Structure formats: C-alpha cells, structure tokens
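Enquirer: have a look at this fold, sequence not included:
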C-alpha cells in the first residue's frame, strides 16, 4: 500500500501528524523543486534526516554546532573521511573530545533543523517506504514529533489555509485519550496554555477565542497546532436541545422493536444480493 | 409500501455513482453531464443532481440509494437529498490525498444536516496508489469508533459489506 502524494495537497505538518499518530516506522522521501530530503522514523519518532546537497557526516554536524573547532574539523575531514559516523563518534568520545550527550544533541538539532526547512516546502512529491531504516553507518536519535508539529503550526500565516483546515469555529474541543501523550512534555507558550485551560466539549472554539482575547486567525492557528500534534480533537458542541431530525424519525415503525425488525429485513436482503 | 433511504456522498470522482450502480437492482437513474472544468482531466462526466438506485426488500419495503453530486457547485442538492435519510456513506478516493480535506468538509456538513449513523468507505483500495485505511482514518481525523471500510465500488461484495456495516451501526444506535 502506498503513502504518497504531493506536499501541496498533504502538508509536511499533516505527514508528521500521521507518522506520529500511527507510530510509523520507515523512511519518508520528499523530492522538492531544488533538492530532496530523506527522513526516517521509528515507531513515530524522528531518528534521522538529511537533505541532498548538504553534508550530513558527524564531523560537519559537530562543527556546525560548535562542539569542535575549525582546526579539529579540518583534521577530521582529512584523516577520518573513510570512517563511518558510528566509528568516528566512538573515537571522539573515547578520546575525550566530545561527550555522547553532545553528539546526540547536535544530531537532534541538525535533524530538527532539516524538518524546519521542510516546512517551507509548499510543493514536492513524497512517498513513505514502510520499514526502511537509516543507513548502517549513521547514528540514530529519538525526537518526539509533537513539539516539532506545534512549532510548524505557529509559522502558518495564511488565513486561507487555516480556514480550510478549520472551517467551523462553532465546534468544540476535547483532549484525546491517546496513551503516552502528556501535555507537560510539550513546549506550549503562555497563550497556548490559556487556550488549553478552556478546552472542554461545552466551549466552542469561538467562545475560547473570546475568553482568551484572541482573533479568529490566532485561535485557529493555536487549535490547528494542537489538533495536528494529536493533543485534542474536534467535537460537536454539547447542547441540551436537539432540533435536528433523529434516526427514529427517519425509520418507519411505531416502536423500537418494529424499527429494529425493519433494519434486520434490510440486512437479510443485502446479504442475499 | 414503506420506503427507507440511504445517501452515498463524497468528493468528486470518489466512486459514488459506481457504488450505487454496483448494488442497485434497477438501472441507476443518473444525471451525469460533461465535466467543464480542470477536473475534466480526471473524468469526462460527473453527477449534477443525483444518482438514484433501488433495492426491493419485500412486498412492503424498498431501500432507495441516493448518490450526491461531488462537485462543490452542486452542493445545494446535498441538504435536499439528506432529508429523511436513515444513514449515509462517505466515499473517499484512497488514491487521491488532495481530496481528503474536502471529504472532511463534506462529512462535517452531512453530520450537521442530521445526526444519523454513517460509515466511511475507503474506495479504490484495489489500486496500487491507495493509502492504507488506517492512514486515511488519521488524515480524515476520524474518531476510533467511526467505521472505515476498505472497498472497491466495482466489487459487489465490497459494496454489500459497506451497506451491512452501516445497517449494523444503525441497529446498534437503535439499541
């Protein structure tokens, strides 16, 4: 089965949300107009990312993160170019040049930076290769996607996009009961926390916007981020009166038993087709 | 004679007309016209008012199937067709993620018309480019309790299964 399409129809934010919620393992390949990206996930966590045309060896990453000096980088570049990232990483740790934590942090910064660049790609063909892992010589890390998704949502400026994603502000919100998700682990801003404090199936998004003194676009952006990060879901506003026609009004029959009998007759007939 | 009605809805080219045709005992009364927009590249004709199919249950009961027009400019028909429906089926083209957002909008619109049961049919699952049902569930932001059924609307068994799943959902709702 394919998981492929174009970023203009299914954005990188939505893709990350899908990978996160489905806890996918595999590699996402994106071919943009100028270069391509390769991003690998294990059980919904980001473990590796690289962009074509950009060096992704450990020496370069440590240098970019100012963990090693220019002289050290040049030496490594000359003498250790044939070593794998894993071998070089071990050598540097054992020699006392860097710590394991510095390597992990640098890789995390590098990979998150690549994902942040991808958020600017409005167009690009993508496909997800299920089960495909990182190259053997590369070092994997584990990065939760929720914070990255929240960060990307904060950047969405286009009102039209947000309106398409969240057309009805009369809907209300509730927290998802997804196991393993803890709001405390997500980096929310003060205003986002204020919105979170009003989330309740009895409050419409519009009401929350009013209570928190946010404009429609501001409340849309925050709710969109929380939705994409899989922290909340949309629900119809709980109201006492229900004026819409109900199921029993659409069914002939006076009693519930008569109506059930009618549905069972339909089931028997469909089975016989 | 008692009649009940189900509605088959979804985005443009999601397979609604084929779904109704596959299971209807009469030649489907359809109102297809030549497509006159960029969507022409996808298919030549589209439903402009409705598709109408029928399944006779016995001498006293008939099930009508109504397929809605998929193009947004004909959405004034949706509310008319949804009146008095027993339940509805949302068709989604599993091979075209560009239609997922519109499918979500249609789903919300129909839920607002009537709180009747519904199921989602992930159509064209027989095609190579089809997204997995679980991925479509996330893309459409469907609750875990909403049924999404793998389907190919040209296969009668699949179409029957979708209808049966909807009827079972209706039965549960009545209990």
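Expert: Perfect, thanks for sending it. These numbers come from a predicted model, not from an experiment.
Enquirer: of all of chain A, which residue lies closest to chain B?
Expert: Nearest residue of chain A to chain B: residue A:9, at 3.5 Å (Cβ to the nearest Cβ). C-betas here are computed from N, CA, C, even on glycine.
Enquirer: ok, now which ones touch that residue?
Expert: By Cβ atoms under 8 Å, 6 or more residues apart in numbering or on different chains, the contact set of residue A:9 is B:97-98, B:100.
Enquirer: narrow the residues you listed to those in strands?
Expert: Using DSSP state E, no member of those sits in strands.
Enquirer: any chance of these in a markdown table, plus neighbour count?
Expert: As requested, the contacts of residue A:9 are exported to a markdown table (neighbours: other Cβ atoms under 10 Å in any protein chain shown):
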| residue | neighbour count |
| --- | --- |
| B:97 | 24 |
| B:98 | 13 |
| B:100 | 23 |
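Enquirer: distance between stretch B:164-175 and the chain's centre?
Expert: Here the centre of stretch B:164-175 is set off from its chain's centre by 17 Å, with Cα atoms, centre = their mean, to the nearest Å.
Enquirer: please read the previous query as pertaining to stretch A:200-207.
Expert: Worked out by Cα atoms, centre = their mean, stretch A:200-207 lies 24 Å from the chain centre.
Enquirer: end to end, how far does it reach?
Expert: 11 Å (Cα to Cα, to the nearest Å).
Enquirer: just name the closest of the contacts of residue A:9 to residue B:81, please.
Expert: Nearest to residue B:81 among the contacts of residue A:9, counting by Cβ to Cβ, is residue B:100 at 22.3 Å.
Enquirer: pretty sure the closest one sits against residue B:136.
Expert: Yes - checked against Cβ atoms under 8 Å, the pair residue B:100 and residue B:136 is within contact range at 7.3 Å.
Enquirer: shared neighbours, those two?
Expert: By Cβ under 8 Å, 6+ apart, the residues touching both residue B:100 and residue B:136 are residue B:92.
Enquirer: out of the contacts of residue A:9, who's near chain A?
Expert: B:97-98, B:100 (Cβ under 8 Å from any Cβ of the partner chain).
Enquirer: and those residues as TSV, adding pLDDT?
Expert: Conversion of the ones next to chain A among the contacts of residue A:9 to TSV gives the following (pLDDT from 0 to 100):
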residue	pLDDT
B:97	95
B:98	92
B:100	94
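Enquirer: quick revisit: inside helices: which ones of the contacts of residue A:9?
Expert: If you go by DSSP state H, the contacts of residue A:9 have residue B:100 in helices.
Enquirer: contact partners for the most far-flung residue of chain B relative to its centre?
Expert: Distance from the centre of chain B peaks at residue B:59, with 26.5 Å (Cα atoms, centre = their mean). Shown in contact with residue B:59 (Cβ under 8 Å, 6+ apart): residue B:1.
Enquirer: show the pLDDT at it.
Expert: The model reports residue B:59 with a pLDDT of 90.
Enquirer: try the one 10 residues further on
Expert: We note a pLDDT of 82 for residue B:69 in this prediction.
Enquirer: A strand includes it, no?
Expert: No - looking at residue B:69 with DSSP: H, G, I helix; E, B strand; the rest coil, it is coil, so not inside a strand.
Enquirer: residues near it, how many?
Expert: Counted with other Cβ atoms under 10 Å in any protein chain shown, residues neighbouring residue B:69 total 25.
Enquirer: are we agreed that the residue of chain A closest to chain B is in a helix?
Expert: No - assessed with three-state DSSP, residue A:9 is coil; it does not lie in a helix.
Enquirer: per-residue pLDDT of it, please?
Expert: Taking residue A:9 on its own, its pLDDT is 89.
Enquirer: got it, and the one 4 residues further on?
Expert: Looking at residue A:13, its pLDDT stands at 89.
Enquirer: can you say which helix or strand has it in it?
Expert: Using DSSP states H and E, residue A:13 falls within helix A:12-21.
Enquirer: beyond that helix, next helix or strand please.
Expert: Once the chain leaves helix A:12-21, the next helix or strand it forms, by DSSP H and E, is strand A:26-31.
Enquirer: what is the next helix or strand after that next one packed up against?
Expert: Where DSSP H and E defines the elements, the next helix or strand beyond strand A:26-31 is strand A:36-42. Contacts defined by 3 or more Cβ pairs under 8 Å, 6 or more residues apart in numbering or on different chains; DSSP states H and E place strand A:36-42 against strand A:26-31, strand A:45-51, helix A:100-118.
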